[in-house]
Every structure is written in C-alpha cells, then in structure tokens.
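Asks: task: produce atomic coordinates for the following.
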Amino acid sequence: MKRHILVIAIAICLAIAMPAAAGSLFFTVLRPFVLYDSTLPADVAMPSAELYVDYYKTPALLNFGWEMTNKNVDIAIRFDFRYDFWAYITSNAHTNIPFVENGANPILDFNYPTVGYASWGNDKALASFGRRQLKWGPGTYDIALSDAAPYFDNLWAQYKAKASYGTWWANFVAISMDRAAANGGNYYYLYESAPSLNAAEQKTVLAHRIGFENDFLRVGFGELNVVYGVTPDLQDIGPFLIYHHLYQDANSNVLMTLSAETKVGPVRAFGEFVMDDLTLGFENSTDKPTSMGWFLGAEIGLFGKETYVSERIAEADYALKEATFAEPRGLTLGFEHYRTTTYLYNRSEDAGKFTVPDHRFTMGNGYVDDPAAYFIGFLYGPNTSLDMLTLRHESKNAKASLFLKRLRQGSYGILDDYISGSNTLDWYALTEPIAQTWIVEFAGDYSFSERLRIETQASAAFGDEPGIRLGAGVSWRLDAR
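Replies: Numbers count the residues shown, from 1 in each chain. I've put the predicted structure just below:
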C-alpha cells in the first residue's frame with residue numbers, strides 16, 4: 001500500500017511540474033479487457049516461459065505516466081496497475097476489471113513500472129538508459145537478444161559512421177538482472193518449499209555488436225557475455241576484448257551471434273546464427289557441450305503501402321529495436337524456421353544461464369521467484385524447432401497478424417541438471433520424448449483515432465500441449481499538457 005501511495009504522490013508532482021517542461025505530456029491509458037484462457041488456473045509447480053508471456057499479454061487496466069519528447073530527446077515513465085500475478089495464474093482470470101471477480105486482485109500487482117527510461121539521439125548516435133524492451137535481429141523472434149521479456153534494466157549506446165559504399169555501426173548494451181539475486185536472496189524454483197540447488201549470484205549481461213548496411217544488405221556480428229558471481233570489470237566491459245576474450249571464462253557464459261538480411265524489391269530474406277559453446281575432438285570430457293542455434297526466414301510484400309498510425313498505448317510501443325529492412329505496411333506473407341540445440345543458453349549454475357530471473361511480490365503468496373522466467377534470446381528456449389508461417393496486414397486504421405506454428409520441443413529443459421562430459425546428451429537432436437504442438441495465433445487492432453482502439457487476441461494450440469486463449473478490449477489514451 002505504501003508503494004501505491006508513493007506512486008499517486010509522484011503522479012501529482014508530475015502533473016504540477018508538466019508546464020515547466022517543453023514538450024512534456026501527462027497521460028493516462030485505460031484498457032478494460034476480457035479474457036478466456038483454458039490453461040488457467042495454471043499448474044504452478046511447472047511454470048513455463050509462455051506463462052509469463054501470456055501474463056503480460058493481458059493489459060493492465062490503468063496505466064499513467066509522463067513523457068517528454070522532442071527531436072532528440074525521449075523520456076518516459078509509465079506505471080501499470082495490472083493483475084496480481086499469483087491471483088492471475090491460480091484463478092479463472094476473465095477480466096482485468098476489479099470486483100467483477102477476484103476482488104481487487106486485477107489491479108493489485110506491485111511490480112511496476114515496466115517502462116521508465118531516458119534517451120537522446122540523432123541520425124548518427126543514440127544513448128538510452130532505463131527500463132524497456134530490447135531486441136536485436138531481423139526476425140519475428142531473435143535467438144540472441146529478444147523482446148520475449150517484458151523489459152530489461154539496460155544501457156544502450158550505438159553509433160553510425162557513413163561511407164560512400166554504406167554505413168558502419170556499433171552497438172553496446174548492458175543489462176542488470178534483479179537486485180534480489182545480487183544481494184544473495186534465497187532463490188528457489190517457483191513455488192517450491194525447498195531452496196534452489198544454486199545460491200543467488202550477481203548477474204549482468206554485457207553485449208557488443210558491430211555491423212554494416214547499405215541499400216540492400218545488412219550484416220551484424222556480436223557477442224553477449226553473461227557475467228555471473230562477480231562484479232564486471234573493464235575486461236568485461238571493454239568494447240573489443242570480448243571478441244573473444246578467454247581470460248574471464250570462469251565467470252562468463254559468452255554467446256556469439258552473426259546475422260544477415262537482404263531485400264530486393266518486395267522480397268526480404270534474413271537469418272541468424274548463434275553459438276554458445278563448441279567442443280572439439282581434442283578437448284577433454286569435462287568441456288562444456290556444443291550448443292548453437294539459428295533461424296532463416298523470408299517474406300514478400302504483396303500489396304498496400306499504408307502504415308498503422310497510433311499513439312503509444314501498450315508497453316511494446318516503447319521497445320528499442322535494432323533497425324531492419326522490414327516494412328510493416330500493407331499485406332506481407334512470410335515463413336521462418338528456428339532451431340535451438342539441447343544445451344544452448346545453459347550452465348550448471350542458474351546465474352550463468354541466458355535467462356531472466358523473476359523476483360516478484362504477490363498479494364496471495366508473498367515473494368515468489370523463478371531463476372528462468374524468460375529467455376534473453378529465443379522465446380521458446382533451447383532444444384526446440386519452430387516452423388512458422390506469417391501473414392501481416394497494416395492500414396492507417398487497422399493492423400492484424402496471423403501466425404501458424406509447428407512447435408517441437410525436447411524433454412530436456414533449461415532447469416534440468418546440466419549434464420556434461422561423458423554423460424552428455426546428444427547436443428544436436430531434440431531429446432526424447434518430443435512434444436509437438438500446432439499453434440494458431442491472431443492479434444488485431446482497429447483504431448477509431450490515434451488514441452482510441454479495439455484490441456483482440458486469439459490463439460489455439462493442438463497436439464501435446466493444447467489450449468485456447470481469447471481476449472478483447474478497448475484502449476483509450478488521455479493526454480494533458
């Protein structure tokens with residue numbers, strides 16, 4: 001309750017301070033939403049990354065905050081009153097409106113804000129510091145740095161240098177994980193009474209990426225370094241030491257990434273390759289198993305040139321993403337294939353995995369923790385094969401997407417015992433038994449104005465992990481200068 005009172009006090013102060021800042025804006029977003037999800041109540045003993053993603057797909061009823069924007073500056077803070085997480089997954093959550101069901105739980109989540117950052121940029125440079133979603137890569141998903149998590153606490157810096165034959169660019173990203181882990185909090189696997197086998201440790205992600213682009217080709221090469229159990233030093237942060245720095249290996253999990261994208265007329269082709277570890281024949285049996293992943297995709301613009309126009313209403317509207325040749329306009333048809341191997345993202349210690357821990361206060365069960373709530377990279381994690389057909393459409397007043405997926409996942413998961421050496425599982429093949437699920441996903445928005453729109457969500461899964469999720473609501477943004 002103290003936090004709610006503090007937020008209200010901040011809102012009053014911001015409202016008073018608004019006239020003093022040119023280009024400043026106080027906003028409120030109302031998003032009443034109704035939902036049917038056949039997977040709720042969830043099996044809390046077996047949480048999945050998809051569970052957390054679906055939780056954040058359900059809009060917060062009330063969002064308010066402050067923005068200050070001009071040609072070079074973008075500052076935003078957004079408080080979101082959404083469903084209490086424990087109540088959401090352990091009940092039949094049908095709406096985010098309080099007192100319709102579950103009392104006041106639909107607005108009692110205390111883990112805000114999901115957006116809060118300041119950035120400055122021009123046509124050559126960009127610096128952003130704060131909390132929001134990030135994404136690299138040219139695909140719908142990314143297997144190095146993706147927007148699967150609802151936000152990262154991050155520092156993003158990039159610079160472009162133009163040449164007669166194209167543009168070179170460099171990008172540095174630093175991400176800090178939840179402070180509860182850094183302070184030695186007692187992390188435990190979600191909702192179990194026993195502590196995790198691994199003590200909580202400090203966890204920081206440092207990423208460097210360089211690339212080149214011209215009118216028809218874009219390539220990027222980088223590495224992400226999960227530094228765990230120690231405080232990062234200049235050997236970790238140095239912009240070129242990480243390509244590939246061997247001296248800090250004991251406290252690092254380093255992932256290499258190479259991506260490429262081209263566009264000729266209405267056709268765009270793209271792909272990415274990542275490698276976590278590579279064990280050669282002359283290395284001993286205690287070496288880390290080989291692990292890698294990749295995706296390939298292509299899309300074609302069929303017709304139409306209009307782009308959907310809307311104010312920033314959802315948290316995803318504030319995401320910071322690497323530039324691509326994708327043009328979200330008209331009707332686009334595409335296909336993407338993703339493949340991640342058994343040990344990708346993994347280490348024996350929780351803190352060393354390419355995962356985002358979640359330390360969360362709930363009204364129903366106090367603090368609950370998960371060392372692998374989200375993946376830093378691919379939405380579905382390692383040991384996975386995904387084939388996806390995509391159909392997207394945008395016009396000035398409407399946008400819609402339809403995804404048809406064939407998802408195959410091996411039984412070995414990111415929190416299972418890390419097996420290496422002579423007992424290593426097959427590093428490439430999906431581990432038996434394999435779960436196969438066919439998924440249909442639809443999302444659509446229709447805008448009556450830039451500040452008022454109808455939103456719809458629908459998904460159906462068939463096969464080994466069936467389920468249906470349907471949702472619809474209205475979003476209305478109110479601005480005051």
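Asks: so where do the strands sit in the stretch 151-300 of the chain?
Replies: 152-163, 166-176, 203-213, 217-228, 252-264, 267-277, 291-303 (DSSP state E, counting those that start in this stretch).
Asks: and what of the stretch 351-481 of the chain?
Replies: So, for the stretch 351-481 of the chain - with DSSP E, counting those that start in this stretch - the strands run 355-362, 366-375, 384-394, 398-409, 435-449, 452-463, 467-480.
Asks: by how many degrees do the fourth one and strand 435-449 diverge?
Replies: For strand 398-409 against strand 435-449, the angle by axes from the mean of the first three to the mean of the last three CA atoms, to 10 degrees is 170 degrees.
Asks: and what of the second one?
Replies: Orientation check (the same axes, to 10 degrees): strand 366-375 against strand 435-449 gives 100 degrees.
Asks: related to what we said a few turns ago, can I get the strands of the stretch 351-481 of the chain in a markdown table with mean neighbour count, distance to Asp109 and mean pLDDT?
Replies: C-beta coordinates here come from the backbone N, C-alpha and C atoms, glycine included. Shown next, in a markdown table, are these (neighbours: other CB atoms under 10 Å; distance: least, CB to CB, whole Å; pLDDT from 0 to 100):
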| stretch | mean neighbour count | distance to Asp109 | mean pLDDT |
| --- | --- | --- | --- |
| strand 355-362 | 22 | 8 | 85 |
| strand 366-375 | 20 | 12 | 82 |
| strand 384-394 | 19 | 29 | 97 |
| strand 398-409 | 18 | 27 | 97 |
| strand 435-449 | 16 | 22 | 96 |
| strand 452-463 | 17 | 19 | 96 |
| strand 467-480 | 16 | 17 | 94 |
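Asks: which of the strands of the stretch 151-300 of the chain sits closest to Asn397?
Replies: strand 291-303 (17.0 Å; CB to CB).
Asks: contacting residues around the helix or strand that that closest one is followed by?
Replies: Sequence order places strand 320-321 as the next helix or strand after strand 291-303, per DSSP states H and E. The set of residues external to strand 320-321 that reach it, using CB atoms under 8 Å, 6 or more residues apart in numbering, is Ser119, Ser128, Arg132, Gln133, Leu134, Lys135, Trp136, Asp147, Trp156.
Asks: check the offset of strand 320-321 from the chain's centre.
Replies: Strand 320-321 has its average C-alpha position 11 Å from the chain's average C-alpha position, going by CA atoms, centre = their mean, to the nearest Å.
Asks: who does that strand pair with, and is each partner parallel or antiparallel?
Replies: strand 134-135 (parallel) (DSSP bridges).
Asks: how near is the residue lying closest to Tyr228 once chain neighbours are set aside to Ala144?
Replies: Leaving aside its chain neighbours, Tyr228 sits nearest to Ala351 (3.8 Å; criterion: CB to CB, 6 or more residues apart in numbering). Per CB to CB, to the nearest Å, Ala351 is found 19 Å from Ala144.
Asks: could you do Pro357 as well?
Replies: 19 Å.
Asks: repeat for Ala372
Replies: 17 Å.
Asks: equivalent analysis for Lys399, please.
Replies: Separation of Lys399 from Ala144 (CB to CB): 27 Å.
Asks: try Ala316
Replies: To Ala144, Ala316 is 19 Å away according to CB to CB.
Asks: check Leu402 too.
Replies: 26 Å.
Asks: Arg347 too?
Replies: According to CB to CB, Arg347 and Ala144 sit 17 Å apart.
Asks: more neighbours: the two, which one.
Replies: Ala144 (26 against 22; other CB atoms under 10 Å).
Asks: list the contacts for the more buried one?
Replies: For Ala144, counting by CB under 8 Å, 6+ apart, the contacting residues are Trp136, Gly137, Gly222, Leu224, Leu255, Thr257, Ser259, Glu272, Val274, Ile376, Gly377.
Asks: recalculate using a threshold of 6 Å.
Replies: Trp136, Thr257, Val274, Gly377 (CB atoms under 6 Å, 6 or more residues apart in numbering).
Asks: low-confidence bits of the stretch 201-350 of the chain, can you list those?
Replies: Residue ranges of the stretch 201-350 of the chain with pLDDT under 70: 240-249, 280-287.
Asks: go with 50
Replies: 285 (pLDDT under 50).
Asks: okay, stretch 412-427 in CSV with CA atoms only?
Replies: Provided in CSV are the C-alpha atoms of stretch 412-427 (Å, rounded to 0.1, in the frame of the first residue of the first chain):
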residue,chain,number,x,y,z
TYR,A,412,15.3,-31.7,-21.5
GLY,A,413,14.8,-28.2,-20.1
ILE,A,414,16.9,-25.2,-19.0
LEU,A,415,16.4,-26.0,-15.3
ASP,A,416,17.2,-29.7,-15.6
ASP,A,417,20.6,-31.0,-14.3
TYR,A,418,23.4,-29.7,-16.6
ILE,A,419,25.0,-32.9,-17.9
SER,A,420,28.4,-32.6,-19.4
GLY,A,421,31.5,-34.8,-20.0
SER,A,422,31.0,-38.5,-20.7
ASN,A,423,27.3,-38.3,-19.7
THR,A,424,26.5,-35.6,-22.2
LEU,A,425,23.2,-35.9,-24.1
ASP,A,426,23.1,-35.6,-27.9
TRP,A,427,23.9,-32.0,-28.4
